[in-house]
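Q: okay, predicted coordinates and the sequence, questions at the end:
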Amino acid sequence: MRFSTTAFAYLTSALLSVLAPQTAQAGITAFSGSTCDGSAGLNVPCDGSCHKFDDRHSFRVDSGTGDHCVTVFEDPGCPEDGQGAFLPHQTGQCQNVNTGTNVRSFTCAKDTVCLLGV
């Protein structure tokens, strides 16, 4: 069996991409229970995008992905001028969301300063 240079390069590239360490992309999962129990929502990306939090009472950022900030809002749509609570240093532990008001939306970002819009 003969391999062309192109086929060899392709196979080598494919092998290296499988063996190379991959950067972990953090995700966040919200739960209906207060201690990351009850029904779990989807694991959504921790990339600064806004997500619903209705009927959820706790969350967990994927462990092993570094330090993240979660900001929760009492209004839907993560309004920049709305009432929000910063929850910095989320690194995989379960976080109960008891802010004294109903939480309707949240953002999660790889950020240790908890800046909105970054």
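A: Sure thing, it's come through. No experiment lies behind these values; they were computed from the predicted model shown.
Q: quick one: contacts for F106?
A: I28, A30, C50, H51, F53, F59, V70, T71, V72, F73, C78 (C-beta atoms under 8 Å, 6 or more residues apart in numbering). All C-beta atoms are positioned from the backbone trio N, CA, C, and that covers glycine.
Q: closest to Q95 out of the residues you listed?
A: F59 (5.6 Å; C-beta to C-beta).
Q: send me the helix or strand containing A85 as PDB with only the CA atoms.
A: Here A85, judged by DSSP states H and E, is contained in strand 84-90. Extracted C-alpha coordinates of strand 84-90, given in PDB (Å, rounded to 0.1, in the frame of the first residue of the first chain):
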ATOM      1  CA  GLY A  84     -28.200  42.500  39.300                       C
ATOM      2  CA  ALA A  85     -26.100  40.600  41.800                       C
ATOM      3  CA  PHE A  86     -22.500  39.600  41.100                       C
ATOM      4  CA  LEU A  87     -21.400  36.200  42.100                       C
ATOM      5  CA  PRO A  88     -17.600  36.100  41.500                       C
ATOM      6  CA  HIS A  89     -15.100  33.300  41.800                       C
ATOM      7  CA  GLN A  90     -17.300  30.400  40.500                       C
END
